[in-house]
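Chemist: structure, please.
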Amino acid sequence: MKNKKICIIVLTLMIVATVIPVAGTLTKSNVPYLNKPSIKWEATYGGDLIDWGNCIQQTSDGGYIISGTYFRNAWSLWYSYFYLIKIDANGNEEWHQIYGEYDSEHVAKSVQQTTDGGYIFAGFQGVTYKYDAVVQKTDCDGNIVWSCTFGDLDAYDNAQSIQQTSDGGYIITGMTNSYGAIGTDALLIKIDSDGAEEWIQTLGGDNTDAGISVQQTYDGGFIVVGESDSFSDSGDVYLVKTDASGNEEWNQTFGGEGWDGGYGIDQTSDGGYIIAGRYEGENWDSDVYLIKTDEFGEEEWSKTFGGSDYDEGYSVQQTSDGGYFITGYYTDTENYDPDVYLIKTNASGDEEWNQIIDNGDTEDMGYYGIETSEYEYIVTGYTGFYMDEVMDVWVIKLGVRNQAPNTPSIDGPINGKVGKEYEFTFISTDPDGDAIMYKIDWGDGKTEWTEYGDSGVEFTLKHSWTSQGSFTIKAKAIDFYGAESDWAEFTVTIPKDKAINRPILTFLQNHLNLIPLLQKLLQQYWF
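Modeler: As a prediction, the model looks like this:
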């Protein structure tokens, strides 16, 4: 029964063998990401003053685009530039661009590669609490194509998040004192592909409301998450769903007695939403706050993560295995400074692993992180010392340092007969403990694949040969991430079957009385 099951699995694997083993494009839909990732590489970018990264996205060439702030002055009126950095897949800078006059603060909050190969980023510029929301479109080298601003001259307006929409335009969220806002409202702006305004909506109540992250939803509308104190005595996570024209369909708030906020959102594969933010405790501390809702914003579950001080989650993404990846910061209880805080959960929000990354007791922050197309993770933020004006954009790439399995050993008979089936065993270990499958070439033109098994677990397969000769069995081990061992070889000799011809044997079995006569004849004429 076991061998029958193996044969069925092998047949299935053989159908896809030309894609999976050669291209190494294994999917993670059925096998959990068992290994806690480690840092594969890290890099810093910037100038002589304060620089940080707010957002990172993977680009079509396998590299990354980062938005942030460059050359901020901590001791004057917070002068700085918008900052875009393009890096390759290994973190090598390909180009960077700075934008804006050095007469006010410029912060690029959100960036995305556009369908034409260029980039769109949104943020804000201004000084002394008079800010405008800014959107700028660039070509593939970061050169400005067009730029637009939103908000009244003497008001506080900003853009926090931008996404290209299905019609080629863009959706932006932030906060505003303009456009008839009562107090401060969440801002939702739709522009076309050339930056022309299509509509503007304000969302919220009578107090302070802000939009922090926005996405277009499966139905063509929009989901906005942020924070609000218009609907309770303290700040809450604020979730708003609108139609395609920005008209509110429903809103929900989440939180406890303290000031809570939502900073990152992702629509999930079931049509609901996952939110990351902060949950404030009774002692004014805070935890990373993870909320899962259904498609109408009704809470399905919520989780908190962190230590005993201040911890927050700034971005969240549903991962390829159905779980969630959160990026934020964790307060070091010994030095009382921030560290990068990464959390991976399963689909139910249960923690699978976390990473707290401290770059030598510096102030370290993770603002945005994503799962890459290689099922790894990349994060941006900053590292350094703000008050000393020594701070850089920090990018950390995490993944499994994947090592190839060891060359397998093969065991079995070295001689055999034509047509008879023999058992052979194959075993290998993987340095990373990854699951292993085996490819076996039987030396007679037939190839076989096993199912996945744990590292160090022996596989037994049966095979027979239909002709005589020497046959070299070859086997290699392939781990779940596509790393292959060297070939192992094992030679089997299949001689000519020396058994008595079957018809003669049958005749003798049916005429046993003739055997003594045959013995006498053989003794007389043969010897």
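Chemist: CA only for contacts and neighbour counts going forward, please
Modeler: Noted.
Chemist: contacts only, for the closest residue to residue 242 other than its chain neighbours.
Modeler: Distances taken as Cα to Cα, 6 or more residues apart in numbering place residue 248 nearest to residue 242, at 4.2 Å, with adjacent residues excluded. If you count contacts by Cα atoms under 8 Å, 6 or more residues apart in numbering, residue 248 has them with 203, 240, 241, 242.
Chemist: can you tell me which of those is nearest residue 98?
Modeler: For the contacts of residue 248, the residue nearest residue 98 by Cα to Cα is residue 203; the value is 32.1 Å.
Chemist: list the beta-bridge partners for the closest one.
Modeler: residue 186 (DSSP bridges).
Chemist: hang on, it packs against residue 185?
Modeler: Yes. Under the contact definition of Cα atoms under 8 Å, residue 203 touches residue 185, with a separation of 5.6 Å.
Chemist: hang on, the earlier thing: of the contacts of residue 248, buried ones?
Modeler: Members of those that pass the buried threshold by neighbour count (16 or more other Cα atoms under 10 Å) are listed as 203, 240, 241, 242.
Chemist: which ones are touching the second one?
Modeler: For residue 240, the contacting residues are 223, 224, 225, 248, 249, 250, 251, 252, taking Cα under 8 Å, 6+ apart as the criterion.
Chemist: farthest-separated two in the residues you listed?
Modeler: 225 and 249 (14.0 Å).
Chemist: between those two, point out the one with more neighbours.
Modeler: Neighbours per residue (other Cα atoms under 10 Å) separate residue 225 from residue 249, with residue 225 holding more: 31 against 12.
Chemist: in what helix or strand does the more buried one lie?
Modeler: strand 222-228 (DSSP states H and E).
Chemist: which parts of that strand are buried?
Modeler: Using 16+ other Cα under 10 Å as the test for burial, strand 222-228 gives 222, 223, 224, 225, 226, 227, 228.
Chemist: can you map out the strands along the stretch 51-200 of the chain?
Modeler: According to DSSP state E, counting those that start in this stretch, the stretch 51-200 of the chain carries its strands in the segments 64-72, 81-87, 93-99, 105-113, 119-127, 130-138, 144-150, 157-164, 170-176, 185-191, 197-203.
Chemist: just send those back as CSV, with mean pLDDT and distance to residue 319 too.
Modeler: Compiled in CSV, those are given as follows (pLDDT from 0 to 100; distance: least, Cα to Cα, whole Å):
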stretch, mean pLDDT, distance to residue 319
strand 64-72, 97, 18
strand 81-87, 98, 23
strand 93-99, 98, 27
strand 105-113, 98, 19
strand 119-127, 97, 24
strand 130-138, 97, 29
strand 144-150, 98, 33
strand 157-164, 98, 19
strand 170-176, 98, 23
strand 185-191, 98, 27
strand 197-203, 98, 30
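Chemist: nearest to residue 384, out of the ones you listed?
Modeler: When the strands of the stretch 51-200 of the chain are compared by Cα to Cα, strand 64-72 sits nearest residue 384, at 13.2 Å.
Chemist: packing partners for that closest one?
Modeler: Packed against strand 64-72 by the contact rule (3 or more Cα pairs under 8 Å, 6 or more residues apart in numbering; DSSP states H and E) you find strand 50-58, strand 81-87, strand 105-113.
Chemist: coming back round to it: partners of the strand holding residue 225 in the sheet?
Modeler: Here the strand partners of strand 222-228, with direction, are listed using DSSP bridges: strand 209-216 (antiparallel), strand 236-242 (antiparallel).
Chemist: tell me which of those is the most buried.
Modeler: strand 209-216 (a mean of 27; mean count of other Cα atoms under 10 Å).
Chemist: mind giving me the domain split of the chain?
Modeler: 2-27+405-494, 38-399 (automatic domain parsing).
Chemist: mean neighbour count, these: which tops it?
Modeler: When neighbours are counted by mean count of other Cα under 10 Å, the highest per-stretch mean among those falls to domain 38-399, a mean of 21.
Chemist: quick one: it to chain centroid distance?
Modeler: The chain centre lies 17 Å from the centre of domain 38-399; the measure is Cα atoms, centre = their mean, to the nearest Å.
Chemist: endpoints of it, how far apart?
Modeler: Using Cα to Cα, to the nearest Å, the gap from the first to the last residue of domain 38-399 comes to 6 Å.
Chemist: that older thread, which neighbours do residue 203 and residue 185 have in common?
Modeler: Contact criterion Cα under 8 Å, 6+ apart; residues shared by residue 203 and residue 185: residue 209.
Chemist: which one of the strands paired with strand 222-228 lies closest to residue 357?
Modeler: strand 209-216 (24.8 Å).
Chemist: got the angle between that closest one and strand 170-176?
Modeler: For strand 209-216 against strand 170-176, the angle between stretch directions is 170 degrees (axes from the mean of the first three to the mean of the last three Cα atoms, to 10 degrees).
Chemist: Three-state assignment for residue 287, please.
Modeler: Following DSSP: H, G, I helix; E, B strand; the rest coil, the label given to residue 287 is strand.
Chemist: do I have it right that residue 280 meets residue 287?
Modeler: Yes. Here residue 280 lies in contact with residue 287, judged by Cα under 8 Å, at a distance of 6.5 Å.
Chemist: spit out the contact partners of residue 104.
Modeler: 77, 78, 79, 80, 125, 126, 127.
Chemist: quick one: low-confidence parts of the chain?
Modeler: For the chain, the stretches with pLDDT under 70 are 1-35, 401, 496-527.
Chemist: as a check, name the ranges of all helices in it.
Modeler: Taking DSSP state H as the test, the helices found in the chain are 2-15, 20-23, 502-510, 515-525.
Chemist: fine by me, thanks again.
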